[in-house]
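A.B. asks: coordinates for the following, if possible.
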Amino acid sequence: VGSFYAFAVWIGLGVLQIKDWLAKLAGANLAGILATGICLLAVPVLMAQQEWDDHDRSKKVIARDLVRDYLESCDKNAILFTFGDNDTYPLWYAQEVEGIRKDIRVINYSLLGIDWYINQLRYRVNESDAIDVIWTADQIEGRKRDFVPYVPNSKFPENAYYELYEVMKNYVGSDKPEYMDNSRGEPLNSYPVKKVSIPVDKNIVLQNGTVNKTDTSFVSELRFEIAKGSLQKNDLAVLNIIAANKWSRPIYFTNNSPYQIGLGFEKYLRSDGMSYRLVPVENTNVSPTGEWPFVNTDWAYDKLMNKFASGNAQLKGVFFDEENRRHLNSIREAYADLAFDLVNRNRKEDARKLLQKCDDLILV
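C.D. replies: Numbering: from 1, shown residues only. Take a look at the predicted model:
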């Protein structure tokens, strides 16, 4: 509000200065009327002349195209975790208004901290099947699971890995007194171990395409360590969904935010284009010059060459502000990551075609 007061003062001073200039030409009586009229006309004309291109959104569709890239990166009937409004709202629009990939269930990580949002996952939406969240509605709504601390239990040695599903269902989901944390004045559910595992059924992951037939190094179980000392309800929901899924549906994330939330399974995320899929293959891509991206090469190549769009960034004169350019850089990074992967696989001609495609899509 203070900035508008200051701005108004400068506007008033500007009108008075123009009035003084005009008084020398047209006299004092007419100068006030002329100054007011000139300013009322000059300001919108100047704003239009200087800012029209910045505010013309008639051809800019980066919000829709960015999330279409997310969706088209996913396999059928996928679960897609998203982070933040700039991804979530366009995803809802793309599915509900334009009908793009309505088979995918979009889940907002931030909203997973709300009871009713988690319970809505139990129902089929559009063409997306219901999702098992392990706990009952009453357990989800109980405040004892809004915040779950790590409390070691001597029955669970710290050097072993424990199946995530069992930990969530039978320990965190239990109200047994010996499983509770009473150090905060009211009993809270707790979790006793940070090292967890998710079994992998080789036949299921091969049959449904979670791993490729050429992936000979996939693991028999995911082993990871939860980095946090406590878990919020949205963290618990993510872990529950992954544990209960049992590899029946593809699970994706819209970006590398799992690296920031500290749940520990980051090394099992593989880029399928713009979305990262949870797979039972550990990222061990190392070359003499360091690490290169963990990419589903053939899948991503098809999507980036044939499915991706860039919000009309291939057209001249379309203005993209700082936030838009950040999203365009995300698209560029997907092309760059795959190009590095192709080069390391000695597919240099495919890498050249891919980078040319990226240049054709994005001029800015």
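
A.B. asks: C-alpha only now, for contacts and for neighbours.
C.D. replies: Noted.

A.B. asks: surely P90 meets V67?
C.D. replies: Yes - P90 lies in contact with V67 (CA atoms under 8 Å); the separation is 6.4 Å.

A.B. asks: higher neighbour count, those two?
C.D. replies: V67 (27 against 18; other CA atoms under 10 Å).

A.B. asks: contact partners for that one?
C.D. replies: D87, P90, L91, A94 (CA atoms under 8 Å, 6 or more residues apart in numbering).

A.B. asks: got a pLDDT number for it?
C.D. replies: On pLDDT, V67 comes in at 95.

A.B. asks: Q120 too?
C.D. replies: 95.

A.B. asks: what does the one 3 residues further on give?
C.D. replies: pLDDT recorded at Y123 is 94.

A.B. asks: so what's the residue lying closest to it once chain neighbours are set aside up against?
C.D. replies: Spatially, and ignoring its direct neighbours in sequence, Y123 is nearest to A130 (4.7 Å; CA to CA, 6 or more residues apart in numbering). Applying CA under 8 Å, 6+ apart to A130 gives the contacts L121, R122, Y123, R124.

A.B. asks: go through those residues and name the one nearest L13.
C.D. replies: Set against L13, the nearest of the contacts of A130 by CA to CA is L121 (58.8 Å).

A.B. asks: so the closest one makes contact with I131?
C.D. replies: Yes - using CA under 8 Å, L121 is in contact with I131, at 5.4 Å.

A.B. asks: just the strands in this structure please.
C.D. replies: 79-82, 105-108, 147-149, 162-163, 180-181, 188-189, 195-199, 221-225, 230-232, 251-253, 269-271, 276-278, 286-287, 290-291 (DSSP state E).

A.B. asks: which neighbouring elements make contact with the fifth one?
C.D. replies: For strand 180-181, the packing partners by 3 or more CA pairs under 8 Å, 6 or more residues apart in numbering; DSSP states H and E come out as strand 188-189.

A.B. asks: which residues touch the strand it packs on?
C.D. replies: For strand 188-189, with CA under 8 Å, 6+ apart as the criterion, the contacting residues are 144-145, 147-149, 172-175, 179-182.

A.B. asks: so for these, which is the shakiest by pLDDT?
C.D. replies: Lowest confidence among the contacts of strand 188-189: K144, with 71.

A.B. asks: with adjacent residues omitted, what lies nearest to that one?
C.D. replies: Nearest residue to K144, sequence neighbours excluded (CA to CA, 6+ apart): L188, at 4.9 Å.

A.B. asks: for L328, same thing?
C.D. replies: Nearest residue to L328 in three dimensions, chain neighbours excluded: S310, at 7.1 Å (CA to CA, 6+ apart).

A.B. asks: which residues does the one you found contact?
C.D. replies: V61, I62, D65, L66, L328, I331, L361, I362.

A.B. asks: could you measure the fourth one against A94, distance?
C.D. replies: Taking CA to CA, to the nearest Å as the measure, L66 falls 10 Å from A94.

A.B. asks: next one: the last one
C.D. replies: Here the criterion is CA to CA. By it, I362 lies 21 Å from A94.

A.B. asks: got it, and the fifth one?
C.D. replies: Here L328 is placed at a distance of 18 Å from A94 (CA to CA).

A.B. asks: also the third one?
C.D. replies: D65 sits 9 Å away from A94, taking CA to CA as the criterion.

A.B. asks: for A237, what are its contacts?
C.D. replies: Counting by CA under 8 Å, 6+ apart, the residues that A237 touches are L112, I118, V133.

A.B. asks: right, and P293 touches D337 too?
C.D. replies: Yes - with contact defined as CA under 8 Å, P293 reaches D337; the gap is 5.7 Å.
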